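Enquirer: 3D, please:
(chains A and B)
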2 protein chains.
Amino acid sequence: MQAQKRLGKQTMRMAGDVKIIGSASIAGKMEGEGPIGESFDEVFEDAHWGEESWEKAETKMQKETALCAISKAGKAVSDIQMIYAGDLINQCICSTFGIRDLGIPFYGLFGACSTMAEALSMGAFVVDGGFAETVVCGTSSHFASAERQFRFPMEYGGQRALTAQWTVTGAGMAVLSNEGTGPYITEITTGVITDKGIKDASNMGGAMAPAAVSTMLAHFTDTGRTPDYYDLILTGDLGKLGSDIVREMMSECGYPLKSNYNDCGLIIYDLKKQDVHSGGSGCGCSAAVLCGHILKLMSSGEVNKVLFVGTGALMSPTSTQQGESIPSIAHAVVLSNVKEN
Amino acid sequence: MQAQKRLGKQTMRMAGDVKIIGSASIAGKMEGEGPIGESFDEVFEDAHWGEESWEKAETKMQKETALCAISKAGKAVSDIQMIYAGDLINQCICSTFGIRDLGIPFYGLFGACSTMAEALSMGAFVVDGGFAETVVCGTSSHFASAERQFRFPMEYGGQRALTAQWTVTGAGMAVLSNEGTGPYITEITTGVITDKGIKDASNMGGAMAPAAVSTMLAHFTDTGRTPDYYDLILTGDLGKLGSDIVREMMSECGYPLKSNYNDCGLIIYDLKKQDVHSGGSGCGCSAAVLCGHILKLMSSGEVNKVLFVGTGALMSPTSTQQGESIPSIAHAVVLSNVKEN
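Expert: Numbers count the residues shown, from 1 in each chain, chains lettered A, B, ... in the order given. Here you go, the predicted structure:
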């Protein structure tokens, strides 16, 4: 079984069926006004969503999105054997407080904005490994809770660099199971931490792009595939600058990306009309885009094979203050309507 | 395979062999002067360990401990297919920066002080699931980096409550493999978040004790075992107060713990001679105790069956400031010199 499951250095193939049998996404007002606003299960107008703090609003997002996904999968909370989640807020409190009331066995993750891909990876491992039949995987981010923790007090109204991205207020949760209907998770490529020495915390896309490239190259090498194999190659949240770098680097490496390449940070906002500079970011960006828009495209058959490459910048304000560069990581998950292997 | 691997609601049994084929622990001066000081592979005298900051010293601990564990397992870094790690410092920078140079595919975890148990669980899942042959699992904490992040500036010299615990400066890493020599990981019990409403951030042991009890009860129910089955039942870092609560609660629930019960927070320091109040805490507490002292006891045959229950308090300074209580979690890992099933 070992030889069958491991393909090369970083990629693993599922032996049995792991399917996404349900998913949900909830987002804020600005995301609701964007190009894929219709794909979210719920959009809330006020950043507090009736809570006393932005952190509590994000906590509510995790809980409500999980409940919605479980319901859409036709399951009860008691059917869920494990939940994998994390977020950007210190000590992942939006996940732990959000999941606290559900009574589901829980493992906390920290992958920064790669968390959705990491959670899907962990979920696929335990389902395919025979440790669980049904699990939930997800994450969230909130513009205001992230902004005040990572950058400036909201009241400060600081001018943002043009390379900066806008943290998505949103959450996405997916229910994975070995039975039921939905796209398969067929392969996982685990990322290696990449650090090209970028120190500008307003240029996350640039810092994360080499990690996305590293993981994509590993994936194509391990599987023997080329970018053409996929209907859609989707990076997490590199935005305009980062995705341009990815295109350039992939071309230089002999794997040019064509019109089947896109980035969640470019999909969730209208960069011409919405004042988001380089695009969207945050754990919730790829989570909400994947669990809403992309899975709907797969359900309708508009796309059938997706390489989802979640990207994360693994720094903190403390590391930046101490003069450190920004290590990044990307994990890839293959979603497919057909299971060939 | 599913039915065989799942025992009850929260416990999973490994179908094949998952062994700890090597481990290492590195700790600070105070831990080196404690009762199990001899068990650490290295003890550093100065809290900075030659680095410019405490965070960088903790980063160095993660890297050096991983390298030491890999070497002791008779492996090269290139043999390691995945590493699971996390820590207490915001955005888990001590893990990500520590592992950055190793080039090993990496998944970041956040389980607060339960991280060692969580990492071992993830590692066991992927090895037994056939996704990897050899993985590394570990975590760290550092008194000074944690103290200034979670409590007060070090220079403040604030008086500590008698219920407070002392964050261990230490790291532990374990190498898991499906081949080789060492104790088996035979079962995993995943924890559910427990919150009894405790809001006192100086009483982590009290907050975490109900989580430890919840997971132990689930483990005994799922496996049909009683506490007598184990040579050693070891909670993560509840300290004196928390472990007394565990004893009381377990007795009330019909599973009295006897002399085979201990807590890593009581083992690492001499509570009478070292000024640590209720005992040790921090991710590095259970990691360093397990990867040094306990695995040595297993190697010598002094103990053969261990129930390791890592406990974590899932709060943050922000959640405490917002008036929230302290959700906690505990994950259990069974280590055994013999594999019965």
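
Enquirer: The helix or strand hosting residue A:306 packs against which elements?
Expert: Counting by DSSP states H and E, the element that carries residue A:306 is strand A:305-313. With contacts defined as 3 or more CB pairs under 8 Å, 6 or more residues apart in numbering or on different chains; DSSP states H and E, strand A:305-313 has these neighbours: helix A:115-128, helix A:204-223, strand A:232-235, helix A:283-289, strand A:328-336. C-beta here means a position set from N, CA and C on the backbone, and glycine is covered the same way.

Enquirer: go with 6 Å
Expert: Under the contact criterion of 3 or more CB pairs under 6 Å, 6 or more residues apart in numbering or on different chains; DSSP states H and E, strand A:305-313 touches helix A:204-223, strand A:232-235, strand A:328-336.

Enquirer: what residues are up against residue A:99?
Expert: Residues in contact with residue A:99, defined by CB atoms under 6 Å, 6 or more residues apart in numbering or on different chains, are A:83, A:106.

Enquirer: Quick one: classify it as helix, strand or coil.
Expert: Secondary structure, DSSP: H, G, I helix; E, B strand; the rest coil: residue A:99 is helix.

Enquirer: got it, and residue A:278?
Expert: coil.

Enquirer: Relative to residue B:76, how far out is residue A:331?
Expert: Noted for residue A:331: a distance of 24 Å to residue B:76, by CB to CB, to the nearest Å.

Enquirer: what sits up against the strand holding residue A:306?
Expert: Against strand A:305-313 from outside (CB under 6 Å, 6+ apart): A:111-114, A:116-117, A:204, A:207-208, A:211-212, A:215, A:230-236, A:286, A:326, A:328-336.

Enquirer: For chain B, tell me which of these show up nearby.
Expert: Contacts with chain B within the contacts of strand A:305-313, as defined by CB under 6 Å from any CB of the partner chain: residue A:111.

Enquirer: near chain B, which residues of the stretch 101-250 of chain A show up?
Expert: Contact residues (CB under 6 Å from any CB) of the stretch 101-250 of chain A with chain B: A:103, A:105-108, A:110-111, A:118, A:125-126, A:129-131, A:190, A:192-193, A:195.

Enquirer: From those, which land in helices?
Expert: Using DSSP state H, A:118, A:125-126 are the members of these that sit in helices.

Enquirer: Could you pull up the residues touching residue A:279?
Expert: So residue A:279 contacts A:165, A:239-240, A:265-266 (CB under 6 Å, 6+ apart).

Enquirer: Can you pull the phi/psi pair for the nearest residue to residue A:195 once chain neighbours are set aside?
Expert: Nearest residue to residue A:195, sequence neighbours excluded (CB to CB, 6 or more residues apart in numbering or on different chains): residue A:327, at 4.3 Å. The phi and psi values for residue A:327, taken as degrees, to the nearest 10, are phi -70, psi 140.

Enquirer: Quick one: low-confidence residue ranges for the stretch 101-250 of chain A.
Expert: Along the stretch 101-250 of chain A, no part satisfies pLDDT under 70.

Enquirer: so which residue of it comes closest to chain B?
Expert: Closest residue of the stretch 101-250 of chain A to chain B, CB to the nearest CB: residue A:129 (2.5 Å).

Enquirer: Run through the residues that contact that residue.
Expert: Going by CB under 6 Å, 6+ apart, residue A:129 touches B:125, B:129.

Enquirer: again with the one 10 residues further on
Expert: With contact set as CB under 6 Å, 6+ apart, residue A:139 has these partners: A:85-87, A:115-116, A:283, A:287.

Enquirer: Mind doing that once more with 10 Å?
Expert: A:61-62, A:65, A:84-88, A:92, A:94-95, A:109, A:111-119, A:170-173, A:282-288, A:291, A:310 (CB atoms under 10 Å, 6 or more residues apart in numbering or on different chains).

Enquirer: is it fair to say it lies in a strand?
Expert: Yes - per three-state DSSP, residue A:139 lies within a strand segment.

Enquirer: Give me the distance between it and residue B:119.
Expert: For residue A:139, the distance to residue B:119 (CB to CB) stands at 19 Å.

Enquirer: again, but for residue A:47
Expert: Counting by CB to CB, the gap from residue A:47 to residue B:119 is 35 Å.

Enquirer: what's the answer for residue A:339, then?
Expert: Distance from residue A:339 to residue B:119, by CB to CB: 31 Å.

Enquirer: more crowded one of the two?
Expert: residue B:119 (32 against 14; other CB atoms under 10 Å in any protein chain shown).

Enquirer: ok, back up a step: the residue nearest to residue A:195: neighbour count?
Expert: Residue A:327: 26 neighbours (other CB under 10 Å).

Enquirer: In contact with it, which residues?
Expert: A:112, A:193-196, A:198, A:207-208, A:211, A:312-315, A:319, B:93, B:96-97, B:99-101, B:106.

Enquirer: Pull out the buried residues from the residues you listed.
Expert: For those, a neighbour count by 16 or more other CB atoms under 10 Å in any protein chain shown gives the buried set as A:112, A:193-195, A:198, A:207-208, A:211, A:312-315, A:319, B:93, B:96-97, B:99-100, B:106.

Enquirer: The nearest residue to residue A:201 once chain neighbours are set aside is in what secondary structure piece?
Expert: Leaving aside its sequence neighbours, residue A:201 sits nearest to residue A:320 (CB to CB, 6+ apart; 5.1 Å). Applying DSSP H and E as the criterion places residue A:320 in helix A:317-321.

Enquirer: So which elements touch that helix?
Expert: Counting by 3 or more CB pairs under 10 Å, 6 or more residues apart in numbering or on different chains; DSSP states H and E, the packing neighbours recorded for helix A:317-321 are helix A:143-150, helix B:54-72, helix B:93-99, helix B:143-150.

Enquirer: For it, give the mean pLDDT please.
Expert: Averaging pLDDT along helix A:317-321 gives 94.

Enquirer: Check which helices and strands whichever strand or helix holds residue A:173 sits against.
Expert: In the assignment (DSSP H and E), residue A:173 maps to strand A:170-177. Here strand A:170-177 touches strand A:19-28, helix A:29-32, helix A:54-72, strand A:82-87, helix A:93-99, helix A:115-128, strand A:134-141, helix A:283-289, going by 3+ CB pairs under 10 Å, 6+ apart.
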